[in-house]
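Undergrad: This is the structure alone, sequence omitted:
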């Protein structure tokens, strides 16, 4: 991983990002994308008792795709390609040193947006590239952890 | 990756079913892909103006259901292996921020699924 990539990943981890566009307006205007920044309270919560135990995060997979060409911002994520056979997919996990369940999906759909100040509504289209990882992983501290993560 | 409660994810791999349910997750709305990836700096070309992120809350209910194909994969180039299912999937989505709300169509349309995968995998140091 280059310094640039590492720096970006660190920034992503700091902000607990993993986000691209969420909502795309009917007229083509991108309406949403998020950098989520929750605290790391559930990374050792595999028993579901909701204990709030601070924890380090996982490391990213070494591979991924370069987004925003030609700016070359590397994203540690392999988007699913409907044209590819299942047997030929790239690693669908976003985290490495991982042993567990993984889910990934790419969906487009419709919905309704509302200006809450006026109550005016408009039909909107959305596209979502989402998933999860649940299981054990080697964290950035080099130790084994269990956790559940959403890719949003 | 965003840490969530263990119970947010449920997997019944034998039934080719899984769900990811989260309510009221605090996120920042970065307006567009470019600003999300550049941390709000925008792009010079194509010209995408810098946008300051705003607080938002999102809720989602993603369901993977029904095996369309199955594959056992061992990819030594990418250091991952496992059993994977191609599945149907649906997403219910809502988002709210100051002045704006979005709610995806209810019930979600199963035909909106482009491609979805559910798997039991090992990668990195757990690959071998």
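TA: Structure received. Please read all numbers here as calculations on a predicted model, not as lab measurements.
Undergrad: Tell me the buried residues in stretch A:114-131?
TA: Of the residues in stretch A:114-131, those with enough neighbours to count as buried (16 or more other Cβ atoms under 10 Å in any protein chain shown) are A:114, A:124, A:125, A:126, A:127, A:128, A:129, A:130, A:131. For the C-beta atoms, the positions are set from N, CA and C on the backbone; glycine is no exception.
Undergrad: So which residues make contact with that stretch?
TA: Stretch A:114-131 is contacted from outside by A:20-26, A:31, A:79-80, A:92, A:94, A:102-113, A:150-152, B:20, B:60, B:62, B:91, B:93, B:96, B:98-104, using Cβ atoms under 8 Å, 6 or more residues apart in numbering or on different chains.
Undergrad: residue boundaries of the helices in chain A?
TA: Taking DSSP state H as the criterion, chain A carries its helices at A:3-15.
Undergrad: and residue 78, what does it touch?
TA: All of this is about chain A. Residues counted as contacts of residue A:78 (Cβ under 8 Å, 6+ apart) are A:61, A:63, A:64, A:65, A:89, A:90, A:91, A:92.
Undergrad: right idea, wrong chain: chain B
TA: Listed by Cβ under 8 Å, 6+ apart, the contact set of residue B:78 reads A:61, A:63, A:90, A:91, B:123.
Undergrad: Quick check: the gap between it and residue B:115.
TA: In this structure, residue B:78 and residue B:115 are 18 Å apart, going by Cβ to Cβ, to the nearest Å.
Undergrad: ok, what's across the strand from residue B:28?
TA: residue B:55 (DSSP bridges).
Undergrad: For it, grab the count of nearby residues.
TA: Per other Cβ atoms under 10 Å in any protein chain shown, the neighbour tally for residue B:28 reads 24.
Undergrad: Residue nearest the middle of chain B, spatially speaking?
TA: Of all residues in chain B, the one closest to the mean position by Cα atoms, centre = their mean is residue B:62, 8.0 Å from it.
Undergrad: pretty sure it contacts residue B:9?
TA: No - when contacts are counted by Cβ atoms under 8 Å, residue B:62 is not listed as touching residue B:9 (9.5 Å).
Undergrad: Which stretches in chain B count as strands?
TA: B:2-3, B:9-12, B:17-29, B:54-75, B:80-97, B:100-104, B:113-123 (DSSP state E).
Undergrad: And those strands: which comes nearest residue A:144?
TA: Distances from residue A:144 to each of these were compared using Cβ to Cβ; the minimum, 13.2 Å, belongs to strand B:113-123.
Undergrad: quick one: least confident helix or strand in chain B?
TA: Each helix and strand of chain B was given a mean pLDDT (mean pLDDT, DSSP states H and E); the minimum falls on helix B:33-37 at a mean of 83.
Undergrad: That helix near chain A at all?
TA: Yes - applying Cβ under 8 Å from any Cβ of the partner chain, one finds helix B:33-37 touching chain A at B:33, B:34, B:35, B:36, B:37.
Undergrad: Check what pLDDT residue 122 gets.
TA: Let's take chain A. As predicted, residue A:122 sits at a pLDDT of 96.
Undergrad: The chain in question should be chain B.
TA: Residue B:122 is assigned 98 on the pLDDT scale.
Undergrad: Pull the contacting residues for the residue nearest to it when sequence neighbours are not counted.
TA: In space, residue B:122 comes closest to residue A:99 once its chain neighbours are excluded; the distance is 4.7 Å by Cβ to Cβ, 6 or more residues apart in numbering or on different chains. Residues counted as contacts of residue A:99 (Cβ under 8 Å, 6+ apart) are A:135, A:136, A:137, B:121, B:122, B:123, B:126.
Undergrad: which residues touch the third one?
TA: Neighbouring residues of residue A:137 by Cβ under 8 Å, 6+ apart: A:58, A:59, A:95, A:96, A:97, A:98, A:99, A:100, A:144, A:145, A:146, A:147.
Undergrad: Buried ones from those, can you make that a ChimeraX selection?
TA: Isolation of the buried members of the contacts of residue A:137 (16+ other Cβ under 10 Å) is achieved in ChimeraX through the command below:
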select /A:58,59,95,96,97,98,99,100,145,146,147
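Undergrad: Cheers, nothing more for now.
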